[in-house]
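Engineer: Have a look at this fold, sequence not included:
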């Protein structure tokens, strides 16, 4: 069982930056691929970024490519999402997710077995 806790959300003006963190429980964090997703009310959960267990491979949604960066610190059991040049359309609840396949990440939400509770990001225009 993996428990995930997100933090770092908040209110920011358009053009600003935020860094989200997701802390994972357990001693097997490096064996997990990790993803970030976001959701606004009434819409499906949307893929944002993903990273493999070693951090050697990352992937991004086209809407955030060049603005967001996913990274991880396996010594701290934490994955990060650095969000720059934020836009109003980035407003959502952001979730981190984990899967036990360290070698392959995915943009598909059903691939991930473990989820955090989410953190709200609000970008004012």
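Structural biologist: Arrived safely, thanks for sending. As the structure is a computational prediction, the values presented were derived from the model and not from experiment.
Engineer: Would you state the predicted confidence (pLDDT) at the closest residue to residue 118 other than its chain neighbours?
Structural biologist: In space, and not counting its chain neighbours, residue 118 is closest to residue 93: 4.3 Å by CB to CB, 6 or more residues apart in numbering. In short, each C-beta sits where N, CA and C put it, glycine included. Note on residue 93: pLDDT of 98.
Engineer: Ok, the one 3 residues further on next?
Structural biologist: Reading off the per-residue confidence, residue 96 sits at a pLDDT of 98.
Engineer: Residue 101 now?
Structural biologist: Note for residue 101: predicted pLDDT of 87.
Engineer: Quickly note the distance from it to residue 54.
Structural biologist: Plainly put, residue 101 is 12 Å away from residue 54 if you go by CB to CB, to the nearest Å.
Engineer: In terms of helices and strands, where is the residue nearest to residue 118?
Structural biologist: In this assignment (DSSP states H and E), residue 93 forms part of strand 92-99.
Engineer: Report the beta-bridge partner residues of residue 19.
Structural biologist: residue 82 (DSSP bridges).
Engineer: Same check on the one 4 residues further on?
Structural biologist: Taking DSSP bridges as the rule, residue 23 bridges to residue 5, residue 78.
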